[in-house]
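**Q** just need the structure, nothing else, for what follows:
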Amino acid sequence: MSDVQHTRRRPGPRFPRAGWLILVAVLSLVVVLAVLLVPRLLRERQYGQLTVPEGQRASQIYATADQALKVPAGTTAQAARTAHLDLPAEANGNPEGFLFPATYPLRKDTTPTSLLAYMVKTADQRLAADHITSYRTVVIASIVQAEADRSADMGKVARVIDNRLARNMPLQMDSTINYALGRSTLRTSHADTRTKSPYNTYVFAGLPPTPIDNPGPDALKAAAAPPAGDWLYFVTVKPGDTRFTADYRQHLRNVKEFNDAQKNSAAGGSADTAATGG
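**A** I've put the predicted structure just below:
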């Protein structure tokens with residue numbers, strides 16, 4: 001008898017045909033999903049962001065968007081005129097007031113039109129959440145945003161606006177003149193108050209025809225539900241110190257204090273034309 005032992009090779013596990021078919025189907029599905037999803041994921045990859053601060057004007061947002069999207073100057077402004085954005089009828093296609101202050105992601109396929117539409121959609125959602133349906137409220141909120149020295153004063157500023165409108169008093173808000181003149185300054189001269197513009201609330205009664213900036217949530221809430229009060233005038237004498245009153249003589253004393261402070265300041269300026277101190 002030979003000392004060599006012969007061993008039989010045991011067959012390995014065999015993969016059933018049904019299993020192969022399932023594996024092939026799964027792999028095919030993965031390939032199909034990759035073909036469909038990878039391009040989409042690449043498109044949705046964030047390539048930066050654009051932050052809209054509270055109180056910025058549409059013109060400022062357009063310029064910032066042009067830079068962020070690396071498109072020629074004026075491209076976003078042109079898109080705003082032709083985009084047919086979802087705006088109230090009273091806006092007449094002007095998105096001022098509805099480019100909601102927030103930080104917006106920029107994708108590879110973001111365009112000026114899609115970015116503006118996203119801002120307006122965000123505004124619509126926030127306004128709906130706060131039950132704000134009136135274009136008038138957005139106009140008032142934009143003035144509140146521009147005039148109030150701090151969030152704590154916004155409700156009183158909104159009340160001053162409502163009280164003056166109820167008495168058919170001109171608003172006499174410097175911020176609306178600044179908007180008409182395309183500037184931001186504390187200096188308002190008597191010549192400025194004669195500016196021929198529907199945004200000149202020294203000359204024209206009532207509210208300006210559109211918002212004058214894009215207000216944030218605090219200003220919108222203040223305009224929608226201002227606190228009770230009889231205030232008709234206000235002036236910010238210094239940062240953090242805004243004086244509200246219903247007494248015109250007291251207001252003039254407050255204005256004098258502001259002017260005296262400005263004379264000692266490098267900024268200069270004068271509030272002697274301002275009935276409300278805007």
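
**Q** contacting residues for T193?
**A** Q172, I177, N200, Y202, V203, T273 (Cβ atoms under 8 Å, 6 or more residues apart in numbering). For the C-beta atoms, the positions are set from N, CA and C on the backbone; glycine is no exception.

**Q** can you pull the phi and psi angles for V237?
**A** Its backbone dihedrals place V237 at phi -70, psi -40, with angles given as degrees, to the nearest 10.

**Q** that one: how many residues sit nearby?
**A** Other residues within reach of V237 by the criterion other Cβ atoms under 10 Å amount to 21.

**Q** so for it, what's the pLDDT?
**A** Turning to V237, the model gives it a pLDDT of 92.

**Q** any idea how far R253 is from it?
**A** V237 sits 10 Å away from R253, taking Cβ to Cβ, to the nearest Å as the criterion.

**Q** helices of the stretch 151-278 of the chain, start to end?
**A** Listed from the start of the chain, the stretch 151-278 of the chain has helices (DSSP state H, counting those that start in this stretch) covering 154-166, 174-181, 217-224, 248-263.

**Q** scratch that, the stretch 1-150 of the chain is what I was asking about
**A** Under DSSP H, counting those that start in this stretch, the stretch 1-150 of the chain gives helices at 17-44, 58-69, 75-82, 112-129, 135-147.

**Q** convert the C-alpha atoms of the third one to PDB, please.
**A** As requested, C-alpha coordinates have been extracted for helix 75-82 and formatted as PDB (Å, rounded to 0.1, in the frame of the first residue of the first chain):
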ATOM      1  CA  THR A  75     -26.700  92.400 -14.800                       C
ATOM      2  CA  THR A  76     -28.700  91.800 -11.600                       C
ATOM      3  CA  ALA A  77     -30.500  95.200 -11.900                       C
ATOM      4  CA  GLN A  78     -31.500  94.200 -15.400                       C
ATOM      5  CA  ALA A  79     -32.700  90.800 -14.200                       C
ATOM      6  CA  ALA A  80     -34.900  92.500 -11.600                       C
ATOM      7  CA  ARG A  81     -36.600  94.500 -14.300                       C
ATOM      8  CA  THR A  82     -37.300  91.400 -16.500                       C
END
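
**Q** and for that helix, what's in contact with it?
**A** Contacts of helix 75-82 (Cβ under 8 Å, 6+ apart): 58-59, 61-63, 65-66, 69, 93-95, 111-113, 115-116.

**Q** so which of the residues you listed comes closest to A166?
**A** N94 (26.6 Å; Cβ to Cβ).

**Q** the closest one: how many residues sit nearby?
**A** Using other Cβ under 10 Å: N94 sits among 16 other residues.

**Q** in the stretch 101-250 of the chain, where is pLDDT below threshold?
**A** Residues of the stretch 101-250 of the chain meeting the criterion pLDDT under 70: none.

**Q** on that earlier part again, and the helices of the stretch 151-278 of the chain as TSV, adding distance to L207 and mean neighbour count?
**A** Formatted as TSV, the entries for the helices of the stretch 151-278 of the chain read as follows, by distance: least, Cβ to Cβ, whole Å; neighbours: other Cβ atoms under 10 Å:
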stretch	distance to L207	mean neighbour count
helix 154-166	7	21
helix 174-181	9	23
helix 217-224	11	23
helix 248-263	21	16
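
**Q** I'm done for today, thanks for sticking with me.
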